[in-house]
Every structure is written in structure tokens, then in C-alpha cells.
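Enquirer: here's a sequence, model it:
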Amino acid sequence: MIGLKRNLPLVVILGSTGSGKTKLSLELAQKFDGEIVGADSMQIYKGLDISTAKATPQEQSVAPHHLIDILDPHETFTVTQYRNKALNVIQDILDRNKLPIVVGGTNYYIEALLWKILIDNDQYVNTHGILPHNEHELPSEVLHQKLKDLDPKMAMRLHPNNKRKIIRLLLNIILKIFVVCCILSLLF
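Expert: Numbering: from 1, shown residues only. Model (predicted):
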């Protein structure tokens, strides 16, 4: 894992909503003296408990939870901001000789923790023309068309005005393309 002072065990539980991540994470936290680090792009926001299947207050009392309910819904939060906060939290947990257990369903948050290259290489993202630096200034229709070009099935599932999700999906596609390019460059 990138950015930590030392390499110690780290558990990552990744899965879709309702797949049992919370239950497993709490069992592991109790058994191995662990603390939960949220990796969910919606659970980071206050007040979205039901729509995100967030751990209940009772479940959160079983083990310390981090990076859950830290932002108001109107605040923006990038994957880079997540990675930086999560690395600090994980290092603090490790410094206290506890086991960090990263739990969530947001792939790009977990990818950002595990592979620094995915989010720190802005030059790759920008020079390949999929999304410019000003993607938030582009009209939703333009972004939706880019998504339709790259993933027509997903584009059909999203409303063209859902700019935040469209940008998130486009960035996720870019990251996957970049990972494939990195793997291919290692093979050839």
C-alpha cells in the first residue's frame, strides 16, 4: 500500500450494498482488534443512512469507525481527498497497533489506496482526451455523450443531467483503461 511508514496487515472488504460487508468487518474487528475505515463515496456524507445501508449506531459501537458521516451532503469530496484522509487514518490505526479494516463498495476509493498511480497521474488522464481538467464545467449532455460512446449500457441507465454520477463513471472507466495499459506495458 502506498504512502504508509511501514507495511503491516491491512484488510480490505469490497462488495455491493447488502452483501454482508458490515457483518464481516465487525466480526474481524472484534477478533483481531481492528478499526473500520469506510470506503464508500456516499456513506462519507451525513444523513444518508438508509439509502447507503450504513452501519447502525449499535453496529458502529462494536468497533471504531472512520470516514463515515464526515461531510454535509452539499460538500464535494474527490478520490484524492479520500485517499489522503484514509492514509492518515490507516497510519494512525497502525501506530496504535490495531488492524485497519477498509470496508466499502466504492472501487475507485479502494483502488486509490492500493495503487497510487491510478490517481496521481493526471497527465495520463488529460493527455488522452477522455476528460479535460474542466470536466465539471462541461454541459451534462456532452459528458453523457462521452459515457454513451464508452459504455452505452451504463449511459442508458443514467439520466443525462446526473452530472456527478456521469463524471464518476467516466473517471472509473479511465482508471480501468490505465490499469490495463500498465499491465500490458509490464507484459510486453
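Enquirer: surely Ala39 touches Val89?
Expert: No - applying Cβ atoms under 8 Å as the test, Ala39 and Val89 come out as separate, 10.8 Å apart. Bear in mind the C-beta positions are built from the backbone N, C-alpha and C, glycine included.
Enquirer: pick out whichever of those two has more residues nearby.
Expert: The neighbour comparison of Ala39 against Val89 (other Cβ atoms under 10 Å) goes to Ala39, with 27 against 18.
Enquirer: can you give the domain ranges for the protein?
Expert: According to automatic domain parsing, the chain comprises the domains 11-114, 121-187.
Enquirer: list the residues that contact both of Ala39 and Val89?
Expert: Overlap of the contact sets of Ala39 and Val89 (by Cβ atoms under 8 Å, 6 or more residues apart in numbering) consists of Leu67.
Enquirer: related to what we said a few turns ago, with mean pLDDT added, can I get the domains of the chain in JSON lines?
Expert: As requested, the domains of the chain are exported to JSON lines (pLDDT from 0 to 100):
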{"stretch": "domain 11-114", "mean pLDDT": "89"}
{"stretch": "domain 121-187", "mean pLDDT": "71"}
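Enquirer: so which of those domains is the most packed in?
Expert: The highest mean neighbour count among those, using mean count of other Cβ atoms under 10 Å, belongs to domain 11-114: a mean of 17.
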